[in-house]
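Starting from these lines, generate the structure:
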Amino acid sequence: MRRRRECLNCEFRFTTYERVETMTITVVKRSGTRETFSRSKLLTGLVRACEKTGLETNRLELLVEEIELQLQQRNQKEITSQQLGDLVLEELGDLSEVAYVRFASVYGKFSGISDFITTLDALRQRNQVKRQLAKIS
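All right, here's what the predicted structure looks like:
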């Protein structure tokens with residue numbers, strides 16, 4: 001944020017710049033290595049998962065901002081790659097089923113068709129529960 005200020009003594013005008021200080025979030029990978037959370041890396045993965053699905057890049061950028069905000073609000077400095085992937089999948093499930101499966105296949109390191117079937121069944125069940133909750137509300 002940019003602000004114009006004035007010295008109370010000499011009336012000299014000057015500009016100050018302020019920004020919100022955020023804590024650095026570390027992602028703990030499956031191998032045990034640690035890596036600083038990267039918005040651009042997450043956005044790249046989402047763009048790749050959402051190719052040809054009709055989702056605009058602006059919507060994906062908003063999704064990354066939402067996820068980063070959730071991470072900042074947790075007040076924890078570390079998150080496992082598993083937890084981060086689950087968080088992304090939770091958000092993606094509402095946007096695109098195709099993107100959900102694509103992202104899950106890379107993040108989950110699918111090894112065969114049974115992994116796809118399991119994920120599709122879980123997605124179907126998730127959507128049924130959401131529909132039922134929507135009917136109740």
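
Now do the strands in the chain.
2-6, 13-17, 26-28, 34-36, 78-80 (DSSP state E).

okay if I get those as TSV plus mean pLDDT?
Output for the strands of the chain, formatted as TSV (pLDDT from 0 to 100):
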stretch	mean pLDDT
strand 2-6	91
strand 13-17	91
strand 26-28	94
strand 34-36	95
strand 78-80	95
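
okay if I get the ones you listed as JSON lines plus distance to L46 and mean neighbour count?
Glycine gets a C-beta too; all of them are placed from N, C-alpha and C. Below are these laid out as JSON lines (distance: least, Cβ to Cβ, whole Å; neighbours: other Cβ atoms under 10 Å):
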{"stretch": "strand 2-6", "distance to L46": "31", "mean neighbour count": "9"}
{"stretch": "strand 13-17", "distance to L46": "30", "mean neighbour count": "8"}
{"stretch": "strand 26-28", "distance to L46": "15", "mean neighbour count": "17"}
{"stretch": "strand 34-36", "distance to L46": "17", "mean neighbour count": "10"}
{"stretch": "strand 78-80", "distance to L46": "17", "mean neighbour count": "14"}
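
Format the ones you listed as CSV; extra columns: distance to K52.
Compiled in CSV, those are given as follows (distance: least, Cβ to Cβ, whole Å):
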stretch, distance to K52
strand 2-6, 40
strand 13-17, 41
strand 26-28, 28
strand 34-36, 29
strand 78-80, 30
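
R102 is nearest to which of the ones you listed?
The closest of the strands of the chain to R102 is strand 26-28. By Cβ to Cβ, the value is 20.3 Å.

Run through who's touching the closest one.
For strand 26-28, contacts defined as Cβ atoms under 8 Å, 6 or more residues apart in numbering pick out 34-37, 77-81, 84.
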